[in-house]
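> How does the following fold in three dimensions:
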Amino acid sequence: MSLEALSQLSREKLLELCQIYAKNWLAHDGCWFLSIEEKHGIVEAIEIDRESWRKFTVVEAKRLIAFLNLPPDSGIDGLKKALSLRLYATLNEDKIEMEDDRTLTYYVKTCRVQSARRKKGLPDFPCKSVGIVEYSLFAKTIDPRFEIESISCPPDITNPEHSCIWKFKLHA
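Numbers count the residues shown, from 1 in each chain. Predicted coordinates:
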């Protein structure tokens, strides 16, 4: 779609298109993963997925830093802004809670990846090891002082009300 065609769309249609693009991206990610899982098994698929996220999450964070005009080492405020605009932001029901001025907890209530796997009769994706890479590198690209902790994430669900929960702590 050309920029001219985009400029003709209403705000509502642009927002709808953003959701379509995000869904398409996630569908492609899922197809890619399932193809590897079917051919090589879940263990190798997860290993390759981790390596893919090691690269992609940094690209995504850098583009959001530029888009949001975030200063270097933008801390909790920068991370909160960037997390809220990730591709997942329009697809999953999530929330961000500030525990204090150096700690942010990110809750994903609904996860389209897990929902899609369940619809196909597949077990939950044990995404914790991928999430550790994804969220730690995303946060460290925003500000290298971040450390992350998985509070609840498949296969280690400690809070069944959420698909996953991540804690981000900013160290001095």
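
> Show me which parts of the longest helix along the chain are buried, residue by residue.
For the chain, the helix with the greatest residue count under DSSP state H is helix 11-40. For helix 11-40, a neighbour-count test (16 or more other C-beta atoms under 10 Å) marks 22, 26, 29-30, 33, 36-37 as buried. In this view, the C-beta of every residue, glycine as well, is placed from N, C-alpha and C.

> following that helix, which helix or strand comes up?
helix 42-68 (DSSP states H and E).

> out of the buried residues of helix 11-40, who's nearest residue 165?
Set against residue 165, the nearest of the buried residues of helix 11-40 by C-beta to C-beta is residue 26 (20.1 Å).

> wait, that closest one sits on residue 111?
No - in this structure residue 26 lies outside contact range of residue 111 using C-beta atoms under 8 Å: 10.2 Å.

> where does the chain have low pLDDT?
1 (pLDDT under 70).

> How far away from the center of its chain is stretch 34-53?
17 Å (C-alpha atoms, centre = their mean, to the nearest Å).

> shared neighbours of residue 26 and residue 111, anything?
Counting by C-beta atoms under 8 Å, 6 or more residues apart in numbering, residue 26 and residue 111 have no contacts in common.

> Over to residue 79. Which of the three states is it?
Classification of residue 79 using DSSP: H, G, I helix; E, B strand; the rest coil returns helix.

> Which residue comes closest to it once chain neighbours are left out?
Spatial nearest neighbour of residue 79, chain neighbours left out: residue 142 (4.9 Å); criterion: C-beta to C-beta, 6 or more residues apart in numbering.

> Surely the one you found touches residue 62?
No - with contact defined as C-beta under 8 Å, residue 142 and residue 62 do not form a contacting pair (9.4 Å).

> Which one's more surrounded, the two?
For residue 142 versus residue 62, neighbours defined as other C-beta atoms under 10 Å are more numerous around residue 142 (29 against 13).

> In contact with the more buried one, which residues?
Contact analysis of residue 142 by C-beta under 8 Å, 6+ apart lists 61, 65, 70, 74, 78-79, 82.

> contacting residues around residue 147?
With contact taken as C-beta under 8 Å, 6+ apart, residue 147 is in contact with 136, 168-169, 171.

> Next, check these against the strands and list the overlap.
168-169 (DSSP state E).

> Same question for stretch 109-124: list its buried residues.
111-114, 117.

> Would you format those as a markdown table with distance to residue 16 and secondary structure included?
A markdown table is the format used below for the buried residues of stretch 109-124 (distance: C-beta to C-beta, whole Å; DSSP: H, G, I helix; E, B strand; the rest coil):
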| residue | distance to residue 16 | secondary structure |
| --- | --- | --- |
| 111 | 21 | coil |
| 112 | 17 | helix |
| 113 | 22 | helix |
| 114 | 24 | helix |
| 117 | 25 | helix |
